[in-house]
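Participant: need a 3D model of the sequence below.
(chains A and B)
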2 protein chains.
Amino acid sequence: MKTRTLSGQLDKSQVGQKVSLKGWVQRRRDLGEIIFIDLRDRSGIVQVVFNGEEAQNAHAIADQVRSEYVIEVHGEVVERDPETYNPKIKTGEIEVKAENIVVLNTSNTPPFSLTDEKDVSEDVRLKYRYLDLRRESMQETFKLRHQATQVIRQFLNEEAFLEMETPMLTKSTPEGARDYLVPSRVHEGYFYALPQSPQLFKQLLMVAGFEKYYQFARCFRDEDLRADRQPEFTQIDIETSFMSMEEIMAMTERMMKKVMKEVKGIDIETPFIRIPYQEAMDRFGSDKPDTRFAMELVNLTETVKDSSFKVFRQAVENGGKVSAINLKGEAENYSRKDLDHLTEFAKIYGAKGLAWLKAEAGSLAGPIAKFFENEELQTFREKLDVNDGDIIFFVADKEQVVYDTLGAVRIKLATDHNLIDETKFNFLWVTDWPLLEYDEDAKRYTAAHHPFTMPFEEDIDLLETDPGKVRAQAYDLVLNGYELGGGSLRIYKREMQNRMFESLGFTKEQAEEQFGFLLNALEYGAPPHGGIAVGYDRLIMLLSGRTNLRDTILFPKTASASDIMTEAPNAVDDKQLNELHLKLK
Amino acid sequence: MKTRTLSGQLDKSQVGQKVSLKGWVQRRRDLGEIIFIDLRDRSGIVQVVFNGEEAQNAHAIADQVRSEYVIEVHGEVVERDPETYNPKIKTGEIEVKAENIVVLNTSNTPPFSLTDEKDVSEDVRLKYRYLDLRRESMQETFKLRHQATQVIRQFLNEEAFLEMETPMLTKSTPEGARDYLVPSRVHEGYFYALPQSPQLFKQLLMVAGFEKYYQFARCFRDEDLRADRQPEFTQIDIETSFMSMEEIMAMTERMMKKVMKEVKGIDIETPFIRIPYQEAMDRFGSDKPDTRFAMELVNLTETVKDSSFKVFRQAVENGGKVSAINLKGEAENYSRKDLDHLTEFAKIYGAKGLAWLKAEAGSLAGPIAKFFENEELQTFREKLDVNDGDIIFFVADKEQVVYDTLGAVRIKLATDHNLIDETKFNFLWVTDWPLLEYDEDAKRYTAAHHPFTMPFEEDIDLLETDPGKVRAQAYDLVLNGYELGGGSLRIYKREMQNRMFESLGFTKEQAEEQFGFLLNALEYGAPPHGGIAVGYDRLIMLLSGRTNLRDTILFPKTASASDIMTEAPNAVDDKQLNELHLKLK
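Facilitator: Numbering: from 1, shown residues only, chains lettered A, B, ... in the order given. This is a model prediction of the structure:
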């Protein structure tokens, strides 16, 4: 049998050659004596011609084939009549004159068109995922994923990283509320947990002297499904010894620069800008700011603290703040009803309301305008860089509510008014994170990242006196408003780790029980180390210009339990249930 | 701070340069005014000299450091006095004259020597895995693993394969007895299973038109631990469309040739020899023959079928067989006691005994010699190529017992007498496997590989008439007596898959329930496809010349449940137990 030729690689240089093609029937046009079949394989599409006079048998078989049949065709590459060149496909200047054809497999009629992405519900796409994945855009996404994976690996290999495989069956951790548990038959009465990240293992690899580790690590979280979250996900997991925070960030930037260049052909600028956490909140109302557009939050607390507008004044008196954003030139497009809708949206984020003022005739107008002195209104105009025709939105509340609400309103307005340049890839770092967060429910501090994060040297002594003020040597990588990754330097001295656990309210025994293996390791020459983890599914989503995370995953899970293996776990039958119970007794 | 220099990369060309080193104290020798420290990092070792007169401070600190402390040293590269060249280390012609030293971290005294592998129990090694992994041989193994991974990826990328990630949380399959089950919180009353292999998913990827897939796939089996088995393991998982069995085998050979060349520097010959399954059993008593030595089984059934030695004759009369192996030149080393021991060993494999004859004076002698005519003894000598001084061992039993016993005795004798050339890498294929095996317990046929394996075209009609005779289009890759991998062409037509399930005693409903997603996929233009899976941990074990599979895994599991996360799953506490139960209600 002849060597197979790939459809998409045919061009005029092969005219006159005999070829053997295998692939799927993309389209078939029957003109009686002539039948055209667009033959598709992974490499592309080529037109095959069956002439009833010249190849009677082949023509008769071609007459029977239908969309998505799998066929093998032998024939000769011929140039098309220039008038029939098809510029839409790469092979459009030639076609293959079929001499014979073999049907390798038949196909039912596909339930949706594989050439047109519109009007297919995701449920149907997932039910027939093997067909959905044949579509060009899905093929391209997974080719891009493959390519990005190889580029990143090549980069890390060249930087002397070792790819290493950490266990998937591990011990449950204190954040175990989200651990998937796996009962063991061999150790009756015991279970494993699936890792939410290889954090402990990668730190142990540093203690073990490997110095530079990476892995495309599958991680698991037993949480509700959301559009941007899957119970299993992949992260580029990186850990290094002896590298400073600056060095790790610079290495990550080189990695991203290389991916952007080789996968997207885009030169991005490095170093990435850095925004301290507090500044990100103040300016964007978000710890993952989208800087592809402006409309930044402006702090008006000082301006309104003695205002006669009670709502603003009281928010400040209660320790809160007042901020505003300016939507340029859209005042006239906001009816009373639009404003009510926007207020409802704002309330989702905790705000009691959304105040607004429209800029006209050199001042500001609206129901609340009357509460302000003219001087105050002019200050608003100056601080928010207002021109007539703009509309500004205020939130006055506790600090976090102001951030959450205006941060969300800012994104919504930018989306509604197409203010986002979709061709931009704005990478940035958010730095100077708080090490600890106060948990109102538990009445104690918890680790903002994880309990192995190193505090800033100069903040350490605040751990016992003012824990909320301690900053972490941590950095989050943000791309276009998405948190792409995060990392930190880790604690590498036992004594410091003990202090950290004390701040978190762990007893010595609790710390030992949960993290004894790591704590012991810190006593045997643990090197200074740190790393980063980058959400890989999300990176692929952004690189491929998609908005649905599930489109970057071959067989994603969905919220409905159903009969297809990709969507849902098994129903528990009685026998299996009993077995599981027995094991847990 | 100066850029870090790697210890192992220093040589005479850097003499006179100032360097900054970071790493571990491998060894410290205190000669009073002079202290030598062997500084180790991932790249190697270099000797650092602290001179009490020239660098008083550094000397004073060096006086305090101990083994496995983490230090940073600044100093100058100087050539050693040629008389003190150390040829044992790569950097042995130079040393670093320390100007200052910083202790980055201290270390307790390690519980075992990191330079000497002897006399450390595996339990202790695993308890302090982070120290065990610092040892040179372990570092080398995981560097080799990294390198082999990259070589294989590069090969597959160049052959147009796409690396793709299949799900880890999947549906349980009929071979579910060994599935790990994962209860879900989101879908109450449901659970996932961890994959024993990505078999179904990789077939679906072929139906989806990706044509060439690979993955370093983590797989799971909830089975008893054995020396050569871990509950989670990695396989190189490969699937292709439109490739013949010959093409897949040739591709695999190219892959192995490349790994052997680039990782071991060894040219192996391709194509690999092929041994049909039945021949492998007849000649080696094994479906994974070790061909690094001869001592093949010789079938004597015809010779002894009318023998006056009842044990042999009856074995044949009962449908069994008689085979023997010849251990050359060792007759004199086998005392009565040795032979008794060997007989006990043989009984493990089901044999009732192990008959033997020693070759002397041109004939054969031993307790059973008297039962044979001289002509029969001469036939034994001829068929087994016997010379005086040889000893031959017979087993007469059911076919399978003969194979199992003589196969095991053959390996044992070769090991005991050092007949195996450990420098050889004998790759071979075992082909022509039976498609089905009769399960005596279940009283039905089961799939010898898995139910998606394609039978030989010419054997298909035996499926309904003589199922045991049907051969599979399957191939196992064997290296030095280990099963390294296995693959097959898969069934790609729905009708054929239905016939297969019928042969396995599945009802239509059972097949639908378990494999509906794949069965439906076969109706929508599934291409001819097939693939292979190669056990990666085992490959690394053989490439690194190791015999313990756990030495190729960073954090392996062991049989004992203990307090370290790498060895054992969690104990179930009451709260967690209740939660699990609740979820399963």
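Participant: run through the stretch 101-250 of chain A and note the low-pLDDT ranges.
Facilitator: A:117, A:173-177, A:186-189 (pLDDT under 70).
Participant: strands along the stretch 301-450 of chain A, start to end?
Facilitator: A:321-327, A:355-360, A:363-365, A:391-397, A:427-431, A:436-439, A:444-447 (DSSP state E, counting those that start in this stretch).
Participant: out of those, which gets nearest to residue A:511?
Facilitator: Residue A:511 sits nearest to strand A:444-447 of all the strands of the stretch 301-450 of chain A, at 12.6 Å, using Cβ to Cβ. C-beta: built from backbone N, CA, C; applies to glycine.
Participant: before we move on, back to that, quick one: the strands of the stretch 301-450 of chain A as a markdown table, columns for mean pLDDT too.
Facilitator: Shown next, in a markdown table, are the strands of the stretch 301-450 of chain A (pLDDT from 0 to 100):
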| stretch | mean pLDDT |
| --- | --- |
| strand A:321-327 | 98 |
| strand A:355-360 | 97 |
| strand A:363-365 | 96 |
| strand A:391-397 | 98 |
| strand A:427-431 | 98 |
| strand A:436-439 | 90 |
| strand A:444-447 | 89 |
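Participant: tell me which of these is the most buried.
Facilitator: Highest mean neighbour count of the strands of the stretch 301-450 of chain A: strand A:391-397, a mean of 25 (counted as mean count of other Cβ atoms under 10 Å in any protein chain shown).
Participant: ok, it: who's next to it in the sheet?
Facilitator: Based on DSSP bridges, the pairing partners of strand A:391-397 within the sheet are strand A:321-327 (antiparallel), strand A:355-360 (antiparallel).
Participant: the last one: how far from the chain's middle?
Facilitator: In this view, strand A:355-360 has its centroid 36 Å away from the chain centroid, taken as Cα atoms, centre = their mean, to the nearest Å.
Participant: got the contact list for that strand?
Facilitator: Applying Cβ atoms under 8 Å, 6 or more residues apart in numbering or on different chains, the external contacts of strand A:355-360 come out as A:311-312, A:331, A:334, A:339, A:364-366, A:368-369, A:377, A:380-381, A:386-396.
Participant: what sits closest to residue A:51 if chain neighbours are left out?
Facilitator: Closest residue to residue A:51 apart from its sequence neighbours, by Cβ to Cβ, 6 or more residues apart in numbering or on different chains: residue A:34 at 6.0 Å.
Participant: I'd guessed that neighbour sits against residue A:53; true?
Facilitator: No: applying Cβ atoms under 8 Å as the test, residue A:34 and residue A:53 come out as separate, 9.3 Å apart.
Participant: looking at the two, which is more packed in?
Facilitator: Higher neighbour count among residue A:34 and residue A:53: residue A:34, with 14 against 8, using other Cβ atoms under 10 Å in any protein chain shown.
Participant: torsion angles phi and psi at residue A:92?
Facilitator: Geometry field for residue A:92 lists phi and psi as phi -70, psi -10, criterion degrees, to the nearest 10.
Participant: contacting residues around it?
Facilitator: Neighbouring residues of residue A:92 by Cβ under 8 Å, 6+ apart: A:80, A:85, A:86.
Participant: for the closest residue in space to residue A:479 that isn't next to it in sequence, what are its contacts?
Facilitator: Take residue A:479 and drop its neighbours on the chain: the residue closest to it by Cβ to Cβ, 6+ apart is residue A:427, 5.3 Å away. Residues near residue A:427 by Cβ under 8 Å, 6+ apart: A:253, A:256, A:268, A:272, A:477, A:478, A:479, A:484.
Participant: how near is residue A:221 to chain B?
Facilitator: For residue A:221, the distance to chain B equals 10 Å [Cβ to the nearest Cβ, to the nearest Å].
Participant: can you give me the neighbour number for that residue?
Facilitator: 19.
Participant: can you tell me the closest non-neighbouring residue to it?
Facilitator: Nearest to residue A:221 is residue A:178, by Cβ to Cβ, 6+ apart, at 4.7 Å.
Participant: about what we covered before: let me know which of the strands paired with strand A:391-397 is the nearest to residue A:347.
Facilitator: strand A:355-360 (13.0 Å).
Participant: export the host helix or strand of residue A:144 as CSV, just CAs?
Facilitator: Per DSSP states H and E: residue A:144 is located in helix A:136-158. Taking Å, rounded to 0.1, in the frame of the first residue of the first chain, the C-alpha atoms of helix A:136-158 are listed here in CSV:
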residue,chain,number,x,y,z
GLU,A,136,-11.7,23.4,12.9
SER,A,137,-11.7,25.8,15.8
MET,A,138,-11.6,23.0,18.4
GLN,A,139,-8.8,21.3,16.5
GLU,A,140,-6.9,24.6,16.4
THR,A,141,-7.4,25.1,20.2
PHE,A,142,-5.9,21.7,21.1
LYS,A,143,-3.1,22.1,18.6
LEU,A,144,-2.3,25.5,20.2
ARG,A,145,-2.4,23.8,23.6
HIS,A,146,0.0,21.2,22.4
GLN,A,147,2.3,23.8,21.0
ALA,A,148,2.2,26.0,24.1
THR,A,149,3.0,23.0,26.2
GLN,A,150,6.1,22.2,24.2
VAL,A,151,7.3,25.8,24.1
ILE,A,152,7.0,26.1,27.8
ARG,A,153,8.8,22.8,28.4
GLN,A,154,11.5,23.7,26.0
PHE,A,155,12.0,27.0,27.9
LEU,A,156,12.1,25.4,31.3
ASN,A,157,14.4,22.6,30.1
GLU,A,158,16.8,25.2,28.7
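Participant: returning to what we had before: can I get the strands paired with strand A:391-397 in JSON lines including distance to residue B:103?
Facilitator: Formatted as JSON lines, the strands paired with strand A:391-397 follow (distance: least, Cβ to Cβ, whole Å):
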{"stretch": "strand A:321-327", "distance to residue B:103": "47"}
{"stretch": "strand A:355-360", "distance to residue B:103": "59"}
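Participant: ok, for residue A:169, nearest residue in space, not its chain neighbours?
Facilitator: residue A:192 (4.0 Å).
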